[in-house]
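Colleague: sequence unknown, structure follows:
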Ligand code: AMP
């Protein structure tokens, strides 16, 4: 099984690239944000608890998100592997992921790190706000999500750098050029 995580700040284009990557490499896409949004739409107990947190741009508790991830993976029939998107969001989640994969006799193979300057990210996020109407895409919440990213998520990059599995990608390019970079890097592995 292949385990790849797609990493980068809000607006880096993770969701867009994820769709292309899973298609090319036959992986299952696990977006923790998407799973949580579905719970909210379905008005589940978890969704009700999550709504207020997600709408402020804060992170849900690690225990909750890890339980969701484990549950999704255990129900999957995909034999090839997983593309994690929006997870891990802090170093605790990264360590928990390592432990969870170790139990499956595996480890994270690659962290694709999409880099993009913050002015370009804000522009993209505001554009998406107009198109998708996500309640956490208002200017104040976007600002908060960037702060959360800087304070809690960014250190994950350092954590995996030490493990030597990070592939840096220039996200300040059009969708196809970013995807081309990702494919070139992933094709050096024999997935
Ligand atoms: P995303 O779709 O990845 O931008 O995530 C949207 C929101 O879902 C985040 O701002 C968080 O409130 C929540 N969320 C998604 N993934 C996680 C995670 N791994 N840990 C905690 N909260 C998360």
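Modeller: Cool, got the structure. Small disclaimer: the values here were computed from a predicted structure and weren't measured. Numbering: from 1, shown residues only.
Colleague: Would you mind pulling up the elements that the helix or strand of the chain with the lowest mean pLDDT packs against?
Modeller: Least confident helix or strand, the chain: helix 118-132 with a mean of 84, by mean pLDDT, DSSP states H and E. Packing contacts for helix 118-132, counted by 3 or more CB pairs under 8 Å, 6 or more residues apart in numbering; DSSP states H and E, involve helix 139-148. Glycine gets a C-beta too; all of them are placed from N, C-alpha and C.
Colleague: residues touching residue 144, list them.
Modeller: For residue 144, the contacting residues are 56, 57, 58, by CB atoms under 8 Å, 6 or more residues apart in numbering.
Colleague: meant to ask about residue 96, not that
Modeller: By CB under 8 Å, 6+ apart, the neighbours of residue 96 are 62, 66, 88.
Colleague: pLDDT score assigned to it?
Modeller: On the pLDDT scale, residue 96 is placed at 97.
Colleague: Tell me how far it lies from residue 161.
Modeller: Distance from residue 96 to residue 161, counting by CB to CB, to the nearest Å: 19 Å.
Colleague: Equivalent analysis for residue 3, please.
Modeller: For residue 3 relative to residue 161 (CB to CB), the value is 17 Å.
Colleague: now residue 90
Modeller: On the measure of CB to CB, residue 90 and residue 161 end up 16 Å apart.
Colleague: In this protein, which residue sits closest to the ligand?
Modeller: residue 33 (2.0 Å; CB to the nearest ligand atom).
Colleague: Model confidence for the residue nearest to that residue when sequence neighbours are not counted, exactly?
Modeller: Nearest residue to residue 33 in three dimensions, chain neighbours excluded: residue 86, at 4.5 Å (CB to CB, 6 or more residues apart in numbering). For residue 86, the pLDDT comes out at 96.
Colleague: Brilliant, that's me finished.
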